[in-house]
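Visitor: sequence first, then the predicted structure:
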Amino acid sequence: MELSTDCLTKQYDKKIVVDRISMTLNKGVYGLLGANGAGKTTLIRMMCGILKPTSGEVTFNGVDVTHEDYRDALGYMPQFFGYYPEFNAMEFLCYMGCLKGLTKKRARERSKELLELVSLTDVAGSKIKTFSGGMKQRLGIAQALLNNPKILILDEPTAGLDPKERVRFRSLISQLGEDKIVLLSTHIVSDIESIAANILIMKGGRLLHKGTLEEITALIEGKVFECNLDRTAAEALISKYPVINLRYQQDRTLLRLVCEEKPCVGAVNAAATLEDVYLYYFSEVNPNAKLF
């Protein structure tokens, strides 16, 4: 099972939004990480066949994204998915199931299974317009799974979920990744760090790097520092480097920051995390960080 993009590019007038991205995804969970505006949603929409690329192609096991067989294998949850506010949850899933080619009986059976999976069984008969943001997100995840897809693409799926729901979602995605290609796009570092076996980092329309958590964090190993300073010295560093964590203790300030070289006397190296990588490459304080 192989999902591939070859020199995938999208350009609007003179602005290149996605810049010649080539990659191959196999079974497992992939986390697409990047700041808002990095081009993640445009990339995803092309991979789903919703948006036509300026150049390049997307294939699944050699089948082009425009072919019906590809769409049968795809489950997609957009960042803002449409729904009918007067429908209840069961009606909505049954309707979407029929649109995806399920029989009426199978659509109802599958809808019941998925409502239980996303913990919405007790509100199956409630109108969607009464749902909270988190409940609507869970319903969106359910509709993406209706056709038991081989490829599952989720754009910002945990937006609006509370911490308990986010833990449940991570567990679900981990299970699905055992026999599917799952691509999870987000700027929430903890979601990717917890469940993605492979991480894709995107910035300015480019795919900067693809690797495991260990491979990604190794890229800034030796550039993460912790310091214990007085407030005046701390404020000088805060204006100069991406700060990952800051804590005041009486008249001292504990800082964790990312920089190319030791920022001050007494700074000690710390093990890099994915959050450190994100801050290093996407912080406004460090816009010219060296690319991979």
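Guide: Cool, the structure landed.
Visitor: tell me how the protein divides into domains.
Guide: 3-217, 219-282 (automatic domain parsing).
Visitor: for those domains, which one ends up most surrounded?
Guide: domain 3-217 (a mean of 18; mean count of other CB atoms under 10 Å). Placement of C-beta: from N, CA and C, glycine included.
Visitor: mean confidence score for that one?
Guide: Domain 3-217 carries an average pLDDT of 88.
Visitor: ok, now which ones touch the residue nearest to residue 77 when sequence neighbours are not counted?
Guide: In space, and not counting its chain neighbours, residue 77 is closest to residue 144: 4.1 Å by CB to CB, 6 or more residues apart in numbering. Residue 144 sits next to 75-77, 152-154 when contact means CB atoms under 8 Å, 6 or more residues apart in numbering.
Visitor: try 7 Å
Guide: 75-77, 152, 154 (CB atoms under 7 Å, 6 or more residues apart in numbering).
Visitor: now the residue positioned nearest the centre of the chain: which helix or strand?
Guide: For the chain, the residue sitting closest to the mean C-alpha position, by CA atoms, centre = their mean, is residue 185 at 2.1 Å. Here residue 185 sits within strand 181-186, counting by DSSP states H and E.
Visitor: swap in residue 210?
Guide: Residue 210 belongs to strand 206-211, assigned by DSSP H and E.
Visitor: residues in contact with that strand: which ones?
Guide: 19, 21, 23, 198-202, 216, 219, 291-292.
Visitor: quick one: the strands in the stretch 101-250 of the chain, in order.
Guide: In the stretch 101-250 of the chain, the strands defined using DSSP state E, counting those that start in this stretch lie at 151-155, 181-186, 198-203, 206-211, 224-230, 243-249.
Visitor: now the fifth one against strand 243-249, angle please.
Guide: Strand 224-230 and strand 243-249 are oriented at 30 degrees to each other (axes from the mean of the first three to the mean of the last three CA atoms, to 10 degrees).
Visitor: who does strand 224-230 touch, helix- and strand-wise?
Guide: strand 252-258, strand 268-269 (3 or more CB pairs under 7 Å, 6 or more residues apart in numbering; DSSP states H and E).
Visitor: do that again at 6 Å, thanks
Guide: Judged by 3 or more CB pairs under 6 Å, 6 or more residues apart in numbering; DSSP states H and E, strand 224-230 is in contact with strand 252-258.
Visitor: just the C-alpha atoms of the strand it packs on, please, in CSV.
Guide: Presented in CSV, the C-alpha positions along strand 252-258 are these (Å, rounded to 0.1, in the frame of the first residue of the first chain):
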residue,chain,number,x,y,z
ARG,A,252,15.0,34.6,39.2
THR,A,253,13.7,33.5,35.8
LEU,A,254,14.1,30.0,34.5
LEU,A,255,14.3,29.9,30.7
ARG,A,256,14.3,27.1,28.1
LEU,A,257,15.2,28.4,24.6
VAL,A,258,16.6,27.3,21.3
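Visitor: what's the angle between it and strand 224-230?
Guide: Using the same axes, to 10 degrees: strand 252-258 against strand 224-230 is 160 degrees.
Visitor: which strands border strand 252-258, and is each parallel or antiparallel?
Guide: strand 224-230 (antiparallel), strand 243-249 (antiparallel) (DSSP bridges).
Visitor: name the residues that touch the last one?
Guide: The contact list for strand 243-249, computed with CB atoms under 6 Å, 6 or more residues apart in numbering, reads 254-257, 276, 279.
Visitor: what of stretch 177-197?
Guide: 3, 25, 27-33, 35, 40, 44, 150-156, 158, 170, 173-174, 176, 199, 274-275, 278.
Visitor: next one: stretch 38-56 to chain centre, how far?
Guide: 15 Å (CA atoms, centre = their mean, to the nearest Å).
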